[in-house]
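Q: no sequence for this one, just the structure:
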């Protein structure tokens, strides 16, 4: 199925969750996520099922100054 990932068309597997997508992409560390403008807390990411056309934004958290 097709989703929009960080502003670009991308493929997600049927029934894939946000947590599974993050793992499949190999995005490690602390990741902030939004699905359709809703911030998804890290605890909920494994349970949030993606649907065709969802707009997903992933942000990797970095330290620094």
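A: Yes, it's here. Everything numeric here is computed off the predicted structure, so don't read it as measured data. Residues are numbered from 1 along each chain as shown.
Q: please enumerate the helices of the protein.
A: 18-25 (DSSP state H).
Q: for the residue nearest to residue 61 when sequence neighbours are not counted, give me phi and psi.
A: With sequence-adjacent residues excluded and distances taken as Cβ to Cβ, 6 or more residues apart in numbering, residue 61 is closest to residue 30, at 3.9 Å. Heads up, the C-betas are built off the backbone N, CA and C, glycines and all. The phi/psi pair for residue 30 (degrees, to the nearest 10) reads phi -80, psi 120.
Q: quick check: buried residues in stretch 20-33?
A: 20-22, 31, 33 (16 or more other Cβ atoms under 10 Å).
Q: what segments of this structure are strands?
A: 2-5, 8-11, 31-35, 38-40, 55-60 (DSSP state E).
Q: any chance of JSON lines for those strands, columns distance to residue 49?
A: Formatted as JSON lines, these follow (distance: least, Cβ to Cβ, whole Å):
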{"stretch": "strand 2-5", "distance to residue 49": "12"}
{"stretch": "strand 8-11", "distance to residue 49": "16"}
{"stretch": "strand 31-35", "distance to residue 49": "10"}
{"stretch": "strand 38-40", "distance to residue 49": "11"}
{"stretch": "strand 55-60", "distance to residue 49": "12"}
